[in-house]
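Participant: Sequence and predicted structure, then a few things I'm wondering about:
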Amino acid sequence: MVVVMKERATEVQIDAVIARLIELGMDVHRSSGATRTVLGVVGAHKVDSQLIGILDGVHEVLRISEPYKRASRSFKPEDTIVTLDDVRIGGDEVIVMAGPCSAETEEQVMASAAAVKRAGAKILRGGAFKPRSSPYSFQGLGELGLQMLRRAADAHNLKLISEVMDISQIELIGKYSDIFQVGARNMQNFTLLRELGHVRKPVLLKRGIAATIEEWLLSAEYILAGGNNDVILCERGIRTFETATRNTFDISAIPVVKKLSHLPIVADPSHGAGRRDMVAQLARAAVAAGADGLIIEVHNDPDRALSDGAQSMFPAQFDRLMAELRIIAPAIGRSICLEPVARRGWAR
Amino acid sequence: MAEVLSIEELRSRIDVIDEQLVRLLNVRVACAVEVGRLKHEAALPIYQPEREAEVLNRVRQSATDLSGPLTAEAVVRIFERVIDEARRAERIASEQRDRLNSGMGE
């Protein structure tokens, strides 16, 4: 990092900053200019820039390298591909995860799984524990819901992703789900993240509603630091001053993350828009922007869904979207759903 | 009239000077490392800004007296680098000492 001293910083102040940096084990390169002094700081480990920024006489501290290491592309230049048998997230193929917001009934889960499989999804999404904004809203079916989701996934040769909200749920959800999803609300639940660093299953980490990309990558770092290398990032929209949509889907996060990190990134256009009639547009844009996958809410009967019905797609809408994505993906050198699954006549 | 040297002659002269500079700089840093060791034994702080300021003042004065093509400011800038590297060498030497000591203690 580079420490820029104030124009009128005294020699005593400069010496104090150098002394502190040396104490921290860093090497200091001092350059005294005509009006101000600049200190170049190099060393084997990271120094909290804020710690230096508050010292007397310091004008500003500029960081040159990212505060996260394992998540950084400079640490690992080649893309990470998260592999679940024949499903590879982060490779050439755009992987689509779809399904209902939450498991409600056996029929609903089965019908939704059949619909998303037919359209070309590779992973079934669905929640059993629903953290809702209101404590009086439907809270999910728990283990019963997980069993339904697992049965539906197996019946349609899909992988399963389900949300984990608390360390106490890791073991139970891990019994049924192939991927742990960490929701936006939990992006900075560091206790949970640290624990997920010790599991040997992929983790899909959603971006917090008010999190910067750097904070998001630092959260990923928690999981990676624990030894779990299979982290998938998920952009799902952030809070801005705009009220037309529930969140503002940050499309630029996709190329930014691709540049800063080797981790795969998928997009969640359902939460990004919060409205069914805008999910397809955002999904198309996300794929065009280079997303490695999508996670989309599809319900066999969205108007009767117990949660997130307004943003869940009808199966027919999802079919159409997948057909459009099959045209968009090749334009940027990607593929989507290699095998032709649109064998409607064969579907039971 | 001074003899006119060719580019090749000037460059070979620079090469010789560089060799001497590297030798001298190494001797200088070796002294600093030894000072560091003595400071450690006397339990004095490694970083002594007064001493660094004294060194810079001295070279500034020398440069001013010489009034050569290098200004006093330029000489100070060069010596800031020299001091940076001496400090670094002191740090590495002291870390090695610590490792050695902790290794023997166990």
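Facilitator: Noted; the coordinates are in hand.

Participant: Surely B:Leu70 is in a strand?
Facilitator: No. Counting by DSSP: H, G, I helix; E, B strand; the rest coil, B:Leu70 falls outside a strand, being coil.

Participant: Contacts only, for A:Asn157.
Facilitator: A:Lys117 (CB atoms under 8 Å, 6 or more residues apart in numbering or on different chains). The way it works is simple: take the backbone N, C-alpha and C, and place the C-beta from them, glycine included.

Participant: what about it, which helix or strand?
Facilitator: Assigned by DSSP states H and E, A:Asn157 falls within no helix or strand.

Participant: Run through the residues of chain B sitting next to chain A.
Facilitator: Chain B has residues B:45-47, B:49, B:53, B:76-77, B:80-81, B:83-84, B:87-88, B:91 near chain A, with proximity defined as CB under 8 Å from any CB of the partner chain.

Participant: and the residues you listed, which two are the farthest apart?
Facilitator: Greatest spatial distance in these: B:Pro45 and B:Arg77, 25.1 Å, computed using CB to CB.

Participant: Give me the more crowded residue out of these two.
Facilitator: B:Arg77 (16 against 11; other CB atoms under 10 Å in any protein chain shown).

Participant: Pass me the low-pLDDT residue ranges in the stretch 1-150 of chain A, would you?
Facilitator: Residue ranges of the stretch 1-150 of chain A with pLDDT under 70: A:131-132.

Participant: now do chain B
Facilitator: B:1-2, B:103-106.

Participant: from chain B, which residue is nearest to chain A?
Facilitator: Residue nearest to chain A within chain B: B:Pro49 (3.7 Å; CB to the nearest CB).

Participant: Could you pull up the residues touching that residue?
Facilitator: Shown in contact with B:Pro49 (CB under 8 Å, 6+ apart): A:Glu11, A:Asp15, A:Ile18, A:Ala19.

Participant: Next: A:Met187.
Facilitator: A:Leu205, A:Lys206, A:Arg207, A:Gly208, A:Ala211, A:Glu215, A:Trp216, A:Ser219.

Participant: Return the residues in contact with the residue nearest to A:Glu60 when sequence neighbours are not counted.
Facilitator: Excluding the flanking residues, the one nearest A:Glu60 by CB to CB, 6 or more residues apart in numbering or on different chains is A:Val4, at 5.1 Å. The contact partners of A:Val4, by CB under 8 Å, 6+ apart, come to A:Arg36, A:Val38, A:Val58, A:His59, A:Glu60, A:Val61, A:Leu62.

Participant: Tell me the gap between the helix or strand hosting A:Val4 and the middle of its chain.
Facilitator: Per DSSP H and E: A:Val4 is located in strand A:2-5. Offset of strand A:2-5 from its chain centre (CA atoms, centre = their mean, to the nearest Å): 34 Å.

Participant: cool, and stretch A:234-243?
Facilitator: 14 Å.

Participant: do stretch A:40-54 as well
Facilitator: 28 Å.

Participant: What of stretch A:329-338?
Facilitator: So, by CA atoms, centre = their mean, the centroid of stretch A:329-338 is 21 Å from its chain's centroid.

Participant: What mean pLDDT does it get?
Facilitator: When pLDDT is averaged over stretch A:329-338, the result is 88.

Participant: buried sites along it?
Facilitator: Neighbour-count burial for stretch A:329-338, with 16 or more other CB atoms under 10 Å in any protein chain shown as criterion, is recorded at A:Ala329, A:Arg334, A:Ile336, A:Cys337.

Participant: what do you get for stretch A:64-80?
Facilitator: Buried, per 16+ other CB under 10 Å, within stretch A:64-80: A:Glu66, A:Tyr68, A:Arg70, A:Ala71, A:Ser72, A:Arg73, A:Lys76, A:Thr80.

Participant: Any chance of the contacts of A:Val4 in JSON lines with neighbour count and secondary structure as columns?
Facilitator: Shown next, in JSON lines, are those (neighbours: other CB atoms under 10 Å in any protein chain shown; DSSP: H, G, I helix; E, B strand; the rest coil):
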{"residue": "A:Arg36", "neighbour count": "16", "secondary structure": "coil"}
{"residue": "A:Val38", "neighbour count": "15", "secondary structure": "strand"}
{"residue": "A:Val58", "neighbour count": "20", "secondary structure": "strand"}
{"residue": "A:His59", "neighbour count": "15", "secondary structure": "strand"}
{"residue": "A:Glu60", "neighbour count": "12", "secondary structure": "strand"}
{"residue": "A:Val61", "neighbour count": "21", "secondary structure": "strand"}
{"residue": "A:Leu62", "neighbour count": "11", "secondary structure": "strand"}
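
Participant: Identify, from those residues, the entry nearest to chain B.
Facilitator: Chain B has its nearest neighbour among those in A:Val38, at 10.7 Å by CB to the nearest CB.

Participant: With chain B as the reference, measure out to A:Glu11.
Facilitator: In this view, A:Glu11 and chain B are 7 Å apart by CB to the nearest CB, to the nearest Å.

Participant: shouldn't that residue be in contact with B:Glu50?
Facilitator: No. The criterion here is CB atoms under 8 Å, and A:Glu11 misses it with B:Glu50 at 9.9 Å.

Participant: Would you mind telling me which of these two has more residues around it?
Facilitator: A:Glu11 (13 against 9).

Participant: so what's the more buried one up against?
Facilitator: By CB under 8 Å, 6+ apart, the contact list for A:Glu11 reads B:Pro49, B:Ala53.

Participant: Helix or strand next in line after the strand holding A:Val4, which one?
Facilitator: Downstream of strand A:2-5, the next assigned helix or strand under DSSP H and E is helix A:11-23.

Participant: now for the helix or strand following that following helix, which elements pack on it?
Facilitator: With elements assigned by DSSP H and E, the helix or strand that comes after helix A:11-23 is strand A:27-32. The contact analysis (3 or more CB pairs under 8 Å, 6 or more residues apart in numbering or on different chains; DSSP states H and E) places strand A:27-32 against helix A:11-23, strand A:37-42, helix B:72-105.

Participant: Appreciated, that's everything.
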